[in-house]
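Trainee: What follows is a predicted structure for the sequence shown.
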Amino acid sequence: MTRYGAQFGPDITFLGVDPVDLDDAEALAAADVVVVGAPFDGGTSHRPGTRFGPMAIRQTDYLPQDGSRPHLALRVDALRDLRVVDAGDVEMPPGEIERALGALEQAVYRVSAAGAIPLVLGGDHSIALPDATGVARHHGYGKVSMIHFDAHADTGDIEFGSLYGHGQPMRRLIESGALRGDRFLQMGLRGYWPGPETLDWMAEQDMRSYEMTEIGKRGLDACLDEAFEIALDECDAVFLSVDIDVCDPGHAPGTGTPEPGGLSSRQLLDAVRRICRELPVAGIDVVEVSPPYDHAEITAYLANRVCLEALSALAARRHGISHDPAGPLLEGR
Ligand SMILES: [Mn+2]
């Protein structure tokens, strides 16, 4: 599994962190987080372009690509306080979805088995199947709960005659036993898909899906509090899957299947911070960023910040920083 690199742009790393080769067992073992690019859009049902997502997420920033990002509120520099390295893109041949997803699963499993947290940059959401499977292969089938941000449930059965696609990974994960349906928490669903048959299947699995109207009424934090309790029951690890289309298209226009009425970018960042500070996160993916449909790099900036917020919160958790950053920024320091 040699470094693949430069098919979709120069072989750069996430904000200038050190590169790593997935064959380098020693370097993997020393890592806390390994960034993995999944440049694949063969699972999209509508607008494509997410094969360019990893490249955009890695580099879209107005600050230098210098491997350092001190967080204003958490007072950590995730890219230095944690050992964050970037394995580059996995070779995922377009038009060969099973081979592409298989290669990614192997890469994610390798990172997980080395004791590091994979941070996978998509790519369309079909990659959640190999991402969460790779993590569950190490932590144990049924031992990893899922917190899934999305406009869509992604629990479709057969689409376009195939078991694999960006509308189906969550069903495949439950069917295979990698994840438990009753430890599957979905945040931000809305709109007009899937239909009643699929919703019935989801209810049979005891999935818990927080639709936008419920989140609006109860508040995102109250929904997260409830989700966290379910996530930690009989599971000792959490996979966080962020489909950028969970945000309103005004906050994330560069995506394949935009659905009006979503979370704000602020809400998503706050939620990601809470999840990575408060839960034992073992794997993350950030998916469905499609640069050809983006405007003023709004979506790429957001996805870059979702990654940084997650990394900063992981660093704060690792270093036992317990101060509540909700207070005044400079008081009492
Ligand atoms: Mn999705």
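Mentor: That came through fine.

Trainee: need the helices for this structure, in chain order.
Mentor: Taking DSSP state H, the helices of the chain run over residues 25-30, 53-59, 78-81, 97-113, 128-139, 169-175, 196-204, 212-218, 220-232, 265-278, 298-318.

Trainee: tell me what the fifth one is packed against?
Mentor: Taking 3 or more Cβ pairs under 8 Å, 6 or more residues apart in numbering; DSSP states H and E as contact, the helices and strands that helix 128-139 lies on are helix 97-113, strand 117-122, strand 144-149, helix 169-175, strand 237-243, strand 281-287. Every C-beta, even on glycine, is put in place using the N, C-alpha and C of the backbone.

Trainee: Around the residue of the stretch 1-150 of the chain found nearest the ion, how many other residues sit close by?
Mentor: Closest approach of the stretch 1-150 of the chain to the ion (Cβ to the ion) occurs at residue 125, with a separation of 3.5 Å. Residue 125 has 31 neighbours, counted by other Cβ atoms under 10 Å.

Trainee: Isn't it up against residue 243?
Mentor: Yes - counting by Cβ atoms under 8 Å, residue 243 is a contact partner of residue 125 at 5.5 Å.

Trainee: Can you check which residues contact both of these two?
Mentor: By Cβ atoms under 8 Å, 6 or more residues apart in numbering, residue 125 and residue 243 have these common neighbours: 150, 154, 287, 288.

Trainee: okay if I get these as JSON lines plus pLDDT?
Mentor: What follows is the shared contacts of residue 125 and residue 243, written out as JSON lines (pLDDT from 0 to 100):
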{"residue": "150", "pLDDT": "98"}
{"residue": "154", "pLDDT": "98"}
{"residue": "287", "pLDDT": "98"}
{"residue": "288", "pLDDT": "98"}
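
Trainee: returning to that earlier point: the residue of the stretch 1-150 of the chain closest to the ion: what's its closest spatial neighbour, skipping adjacent residues?
Mentor: Nearest non-adjacent residue to residue 125, counting by Cβ to Cβ, 6 or more residues apart in numbering: residue 166, 4.0 Å away.

Trainee: gap between the one you found and residue 43?
Mentor: 4 Å (Cβ to Cβ, to the nearest Å).

Trainee: Can you pull the residues of the protein lying near the ion?
Mentor: 125, 150, 154, 243 (Cβ under 5 Å from the ion).

Trainee: low-confidence ranges in this structure?
Mentor: Along the chain, the model assigns pLDDT under 70 to residues 1-2, 322-327, 331-333.

Trainee: what residue is smack in the middle of it?
Mentor: residue 285 (2.2 Å; Cα atoms, centre = their mean).

Trainee: could you measure that residue against residue 87, distance?
Mentor: Using Cβ to Cβ, we find residue 285 at a distance of 14 Å from residue 87.

Trainee: Equivalent analysis for residue 238, please.
Mentor: Distance, residue 238 to residue 87, using Cβ to Cβ: 22 Å.

Trainee: hang on, the earlier thing: settle this for me: the residue nearest to the centre of the chain is touching residue 120, isn't it.
Mentor: Yes - between residue 285 and residue 120 there is a contact under Cβ under 8 Å: 4.0 Å.

Trainee: May I see the buried residues of stretch 272-289?
Mentor: Judged by neighbour count (16 or more other Cβ atoms under 10 Å), stretch 272-289 contains these buried residues: 272-279, 281-289.
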